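**Student:** take a look and give me a structure for this.
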Amino acid sequence: MNLHTVTSFVPIFNKRSLNPFSVKMKGFTLLEILLVVGTLAILMALILPSGLDLYKRQQLDSHTQGIIQALRRAQLKAMSVESDSSFGVYLTNDNYTLFKGDSYVSDDIYNEVFDLPQIITITGLSEVVFSKFEGEPNSTGDIILTSNNQRRIINVYKFGKISLVSVPSLPHLVQVYYRWRNDDGGE
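**Tutor:** Numbering: from 1, shown residues only. Next comes the predicted model:
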């Protein structure tokens, strides 16, 4: 047996394979994890405020339309003399209620209550009752919904017209708008 055949059975090592740091490890380094977490934190800080504003604006628009529909339903029920009664809508910061009769009674079984989120506040008219046959409101004016410096104004006019007015959210423009309207609610 010669020397060459004996060495062929011995595995050949080089200096690199004996180095413990040359072994390939699987996984992520701490630096890589910190970079990903930092990038996600920056993205969330940029996206989250605009997402919350979008959510609040959507809630405001949705509930504004809900109140308009409740007012119109009350008006139509009064005009059709359903149950030989007038109908109305009662508004608070917690909810709005479509009710039967000449005034709101909290424990009436005919009440239809719709909840409002806490981010919306309501000012202006708190109760609107529509007369039988004509569907004219007992009170005219504005219902103002506010959320996150956004406003939606619902006008209830003398002869029963219900409309949504788009007003910029700047306070001084709202004051100009109120001065511009006539006493009878017309424009």
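**Student:** which residue would you name as the spatial centre of this protein?
**Tutor:** Gln59 (2.3 Å; Cα atoms, centre = their mean).
**Student:** just to check, that one is in contact with Pro117?
**Tutor:** Yes - taking contacts as Cβ atoms under 8 Å, Gln59 lies within contact range of Pro117: 5.5 Å. Where C-beta positions appear, they are placed from N, C-alpha and C, glycine not excepted.
**Student:** wait, what's in contact with the residue nearest to the centre of the chain?
**Tutor:** Pro117, Ile119, Ile120, Ser147 (Cβ atoms under 8 Å, 6 or more residues apart in numbering).
**Student:** any chance of those in CSV, plus secondary structure and pLDDT?
**Tutor:** Below are the contacts of Gln59 laid out as CSV (DSSP: H, G, I helix; E, B strand; the rest coil; pLDDT from 0 to 100):
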residue, secondary structure, pLDDT
Pro117, coil, 94
Ile119, coil, 93
Ile120, coil, 95
Ser147, strand, 91
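**Student:** out of those, who's nearest Glu82?
**Tutor:** Nearest to Glu82 among these is Ile120, at 28.9 Å by Cβ to Cβ.
**Student:** state the distance from the closest one to Ser147.
**Tutor:** Noted for Ile120: a distance of 5 Å to Ser147, by Cβ to Cβ, to the nearest Å.
**Student:** cool, and Val81?
**Tutor:** 36 Å.
**Student:** who has more neighbours, the two?
**Tutor:** The residue with more neighbours, out of Val81 and Ser147, is Ser147; 22 against 12, by other Cβ atoms under 10 Å.
**Student:** I figured that one was touching Ile122, is that so?
**Tutor:** No - under the criterion of Cβ under 8 Å, Ser147 is not in contact with Ile122, lying 10.2 Å apart.
**Student:** give me the buried entries from the contacts of Gln59.
**Tutor:** Burial by neighbour count, judged by 16 or more other Cβ atoms under 10 Å, picks out Ile120, Ser147 from the contacts of Gln59.
**Student:** export the contacts of Gln59 to CSV and tack on distance to Arg73?
**Tutor:** Output for these, formatted as CSV (distance: Cβ to Cβ, whole Å):
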residue, distance to Arg73
Pro117, 21
Ile119, 25
Ile120, 20
Ser147, 23
